[in-house]
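Enquirer: here is my input; please provide its structure:
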Amino acid sequence: LCLGWAVVLILVAVLPALAETDEPILRMEVGAHSAGIWSIALGPSNRILVTGSEDKTARVWDLSGRGELMRTLRPPVGEGEEGQIFAVALSPDEKTVACGGRTGSFQQQDVCVYLFDRETGALVRRLGGLPGFVQPLAYSRDGRFLAVVTGARGGRASWAVMRLYRVPDYTLAAEDRDYGDFVKWAEFDPAGKRLATASFDGFVRLYDISGLGVPAGPPPRPLAPASRIRPAGGERPWGLAFSPDGALLAVGQHYRPRLDVLAVKGNSLEQAYSPDTKGGAEGQEIDFRT
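Expert: Numbering: from 1, shown residues only. Just a heads-up that it's a prediction; the model follows:
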């Protein structure tokens, strides 16, 4: 009798999950995003733009003409917020789109980054086993690395983990778990030798990745920042951008019209100057123009 009840309880628990997994989730296609866009990625050719949205899609746009939609990428989704895209990245050869967000199971520490073939729209790879929801994604400009940063909130505290994957085999090469809050931006320098991150714990971190050779195998190599600094402009740095020569790093703030420019001297960061931004908007999106 006890065995019979055990079987019944197992079926009651499992069958709804199976039904939820197998049941199609219908979405109306309107040819554009139907919710907020959280991330954009522009290819080196300045022709291909990728956007990621809360509507659980990533979209590829052709900027060479009238900004027409080229393809809609659809990662696996679930009910509620599962499948929302917070981050997208486009490989330097413009062949691969990486996207992530609330993609996978946070409870089982199996959040995913999905890699799509940009031309065909095919899902070609899944980077799983991530401990938190995906925040920023970034490819190095030389195409050697993909930076994946995840984060979550536990109780009143937030945390983040930064991981570096080696391309093209996407082997996990290194990681840093020493973050006290969400990371909102990751940016490689033009030479592909350094990686900068901006975190709500108040710090901009600079990593020296020039010495990351062939990995010795799991677990990934711990990677500590070569330098970290609290920009003068505020407690929540967000947007980052290197100058074309890699000698300067611009830092924007979360919901503050403030911009700080840091000097990159070797593997160290120093406060350089803060331009006048009175009357400007918050510095979440930054770019150096030549």
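Enquirer: quick one, helices of the stretch 151-290 of the chain?
Expert: For the stretch 151-290 of the chain, applying DSSP state H, counting those that start in this stretch gives no helices.
Enquirer: which residues of it score low on pLDDT?
Expert: Along the stretch 151-290 of the chain, segments meeting pLDDT under 70 span 213-218, 279-290.
Enquirer: at which residues are the strands of it located?
Expert: Here the stretch 151-290 of the chain has its strands, by DSSP state E, counting those that start in this stretch, at 157-166, 171-179, 183-188, 194-199, 204-208, 221-222, 227-229, 237-242, 248-253, 256-265, 268-273.
Enquirer: now render those strands as JSON lines, adding distance to Ala147.
Expert: All C-beta atoms are positioned from the backbone trio N, CA, C, and that covers glycine. Output for the strands of the stretch 151-290 of the chain, formatted as JSON lines (distance: least, Cβ to Cβ, whole Å):
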{"stretch": "strand 157-166", "distance to Ala147": "6"}
{"stretch": "strand 171-179", "distance to Ala147": "10"}
{"stretch": "strand 183-188", "distance to Ala147": "4"}
{"stretch": "strand 194-199", "distance to Ala147": "6"}
{"stretch": "strand 204-208", "distance to Ala147": "9"}
{"stretch": "strand 221-222", "distance to Ala147": "14"}
{"stretch": "strand 227-229", "distance to Ala147": "16"}
{"stretch": "strand 237-242", "distance to Ala147": "12"}
{"stretch": "strand 248-253", "distance to Ala147": "15"}
{"stretch": "strand 256-265", "distance to Ala147": "17"}
{"stretch": "strand 268-273", "distance to Ala147": "17"}
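Enquirer: quick one, strands of the stretch 1-150 of the chain?
Expert: Using DSSP E, counting those that start in this stretch, strands in the stretch 1-150 of the chain cover 37-42, 48-53, 58-62, 68-73, 85-90, 96-105, 110-117, 123-130, 133-139, 145-154.
Enquirer: and these: which comes nearest Pro219?
Expert: Shortest distance between Pro219 and the strands of the stretch 1-150 of the chain, using Cβ to Cβ, is found for strand 123-130: 11.9 Å.
Enquirer: check which residues of the closest one are buried.
Expert: Within strand 123-130, the residues that count as buried by 16 or more other Cβ atoms under 10 Å are Arg125, Arg126, Leu127, Leu130.
Enquirer: which residues does the second one bridge with?
Expert: By that I understand Arg126. For Arg126, the beta-bridge partners are Tyr114 (DSSP bridges).
Enquirer: what's the end-to-end length of stretch 66-75?
Expert: The first residue of stretch 66-75 is 26 Å away from its last residue (Cα to Cα, to the nearest Å).
Enquirer: what residues sit buried inside it?
Expert: For stretch 66-75, burial by neighbour count (16+ other Cβ under 10 Å) applies to Arg71, Leu73, Arg74, Pro75.
Enquirer: out of these, which is nearest to Arg177?
Expert: The closest of the buried residues of stretch 66-75, once distances to Arg177 are taken by Cβ to Cβ, is Pro75, at 25.5 Å.
Enquirer: what are the phi and psi values for the closest one?
Expert: With angles defined as degrees, to the nearest 10, Pro75 sits at phi -70, psi 160.
Enquirer: which residue sits closest to it, ignoring its sequence neighbours?
Expert: Excluding the flanking residues, the one nearest Pro75 by Cβ to Cβ, 6 or more residues apart in numbering is Tyr114, at 4.4 Å.
Enquirer: for Arg102, the count of nearby residues, please.
Expert: 20 (other Cβ atoms under 10 Å).
Enquirer: ok, the one 3 residues further on next?
Expert: The burial metric for Ser105, expressed as a neighbour count using other Cβ under 10 Å, is 14.
Enquirer: wait, it sits on Val111?
Expert: Yes. If you go by Cβ atoms under 8 Å, Ser105 and Val111 touch, sitting 6.9 Å apart.
Enquirer: separation between Pro219 and Arg177?
Expert: Using Cβ to Cβ, to the nearest Å, Pro219 is found at 11 Å from Arg177.
Enquirer: typo on my end, Val77
Expert: Distance, Val77 to Arg177, by Cβ to Cβ: 28 Å.
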